[in-house]
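*Asks:* Got a sequence here, can you build the structure:
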Amino acid sequence: MALLLAALMLGLSLGMGGAETVEVVLQGFSNTLKWIAVVVILGAFIGEVLRETRGALRISDWVVKWVGERKLPWAMGITGYLVSIPVFVDVAYIVLQPVTEALAVRTKKPILVVGLALTAGLTVSHTLIPPTPGPLAVASLLEADIGRLLLINAFVGCLAMIGGIYWAITYVKKYRLDYDDQLASQQQLVAELPPESDPKQSVLLDLLPILVPIVLMGLGAFYKSRDGFLGGLIGLISTPMMAVLIGAAIAWLQFHRSKSKTTSNQLVEQAIIKSALVIMITGAGGAFGFVIRESGIQDNLAAFFVDLPFLGFLLPFLVAAILTTATGSITVSLIGTASIMGPMAGSMPYSPEMMAALIGCGSFCVFHANSSFFWLLNRLHEVPVATLYRTYTTQSLVMAISGLIGVAILWLLGVH
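*Replies:* Prediction:
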């Protein structure tokens, strides 16, 4: 309610008019939810199945055995880095949520440490690594060489991810939530079982409901043609809703192979109940950010900073940071900044590829209440808003500065 009221008041105070303000709020709400609402429910169902069949425990045991407890945050960051190249950040996090929570319980780490380590990797790929749409659009607008841009952004992205994960490990570890205790109590009986408690079930089968949607969405990102039967089929099954629906169907089949006394109807109802608040708050956050974008505030801020000549080297970084802070959207920030800075590319003291890296680093900071992912974390893990500002928002600033250090290192090494 607070988010919706803030969105309405902002629209009215900016002179958008009553009817137009309501229309913009509803449009922002629906635009946010049209692709994420069903995905949240289906992802929650997969999570319920993985908990009920002990699949999340088997996966967490396997991951911990493979990488060790100390290296777990780094493993989660790398996982996010790879997964988010073909998959949107929100969808990837929802799909991986049951494993993230099981790993937090298994290693006795706060959920925010494991979750924000994963978030660091997801955000880096989404912001810097083609073929993600944002970086591709930046390369096109700046007329940058895609191969050189990929190499530069991969290096800068690694430093940004390292900064974000290190922040989660060193600072966020002190934020243990009530939700951590709830997770521990929910999974206490399961967690006490040995890893070999169900030898008939392979970890690979447990991973199928998670891996299949990721692979399908990745297939759609890399196979662009939609012509013919094959192209049409890939276009259908690679959409987030259909991909996660297929994953949910696999989970449903696995559930019916188990000996659980719970019915699939009960799991679906639990998934819907748990998803309702997530969907509403994420939609309200999206509506708030959409009102800001439609008002044009970000254009005025960007124009103001562009007119300050002394900013020089950091101008692309600062303009992107202003747009992300104002709109809560990485894609809007990337495309908006590239559009503004594109005509200046020839007059800057570095190549379009380095400018793209600066824009990407600026687009990391800072995420707050007008970002839909901010509210996704808030509801998925019941994280207080004040805690998110101290952890997630600050992490985004740390990642931006870490990436900027990466750009500076390349500059000092003669990469311009």
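*Asks:* Can you name the residues in contact with stretch 332-351?
*Replies:* Contacting residues not belonging to stretch 332-351 are listed as 127, 134-135, 137-138, 141-144, 148, 293, 298-299, 302, 306, 312-313, 315-316, 319-321, 323-324, 327, 352, 355-356, 359-360, 362-363, 411, 416 [C-beta atoms under 8 Å, 6 or more residues apart in numbering]. Using the backbone N, CA and C atoms, a C-beta is placed for each residue, glycine as well.
*Asks:* Tell me which helix or strand comes right after whichever strand or helix holds Ala44.
*Replies:* Counting by DSSP states H and E, the element that carries Ala44 is helix 37-52. Helices and strands here follow DSSP H and E; after helix 37-52, the next one along the chain is helix 55-67.
*Asks:* That next one to helix 37-52, inter-axis angle?
*Replies:* Counting by axes from the mean of the first three to the mean of the last three C-alpha atoms, to 10 degrees, helix 55-67 lies at 80 degrees to helix 37-52.
*Asks:* Mind checking the pLDDT average for helix 55-67?
*Replies:* Helix 55-67 shows a mean pLDDT of 77 in the predicted model.
*Asks:* centre of the chain versus it, how much separation?
*Replies:* Put simply, helix 55-67 sits 22 Å off its chain's centre (C-alpha atoms, centre = their mean, to the nearest Å).
*Asks:* For it, name the packing helices and strands.
*Replies:* Judged by 3 or more C-beta pairs under 8 Å, 6 or more residues apart in numbering; DSSP states H and E, the packing partners of helix 55-67 are helix 37-52, helix 72-83, helix 89-107, helix 203-222.
*Asks:* okay, the angle between it and helix 72-83?
*Replies:* 110 degrees.
*Asks:* Filter the contacts of stretch 332-351 down to the buried ones.
*Replies:* For those, a burial check counting by 16 or more other C-beta atoms under 10 Å picks out 127, 134-135, 137-138, 141-142, 144, 148, 293, 298, 302, 315-316, 319-321, 323-324, 327, 352, 355-356, 359-360, 362-363.
*Asks:* middle-most residue in this protein, spatially?
*Replies:* What sits nearest the mean C-alpha location of the chain, by C-alpha atoms, centre = their mean, is Val89, with 2.7 Å.
*Asks:* so where do the strands sit in the stretch 301-416 of the chain?
*Replies:* Using DSSP state E, counting those that start in this stretch, no strands are found in the stretch 301-416 of the chain.
*Asks:* which stretches of it have low pLDDT?
*Replies:* Within the stretch 301-416 of the chain, the stretches with pLDDT under 70 are 301-312, 343, 347.
*Asks:* now the helices and strands packed on helix 55-67 in JSON lines, with distance to Thr123 and mean pLDDT?
*Replies:* JSON lines is the format used below for these (distance: least, C-beta to C-beta, whole Å; pLDDT from 0 to 100):
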{"stretch": "helix 37-52", "distance to Thr123": "18", "mean pLDDT": "83"}
{"stretch": "helix 72-83", "distance to Thr123": "8", "mean pLDDT": "87"}
{"stretch": "helix 89-107", "distance to Thr123": "6", "mean pLDDT": "85"}
{"stretch": "helix 203-222", "distance to Thr123": "17", "mean pLDDT": "80"}
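*Asks:* nearest to Val64, of those?
*Replies:* Closest to Val64 of the helices and strands packed on helix 55-67, according to C-beta to C-beta: helix 89-107, at 5.8 Å.
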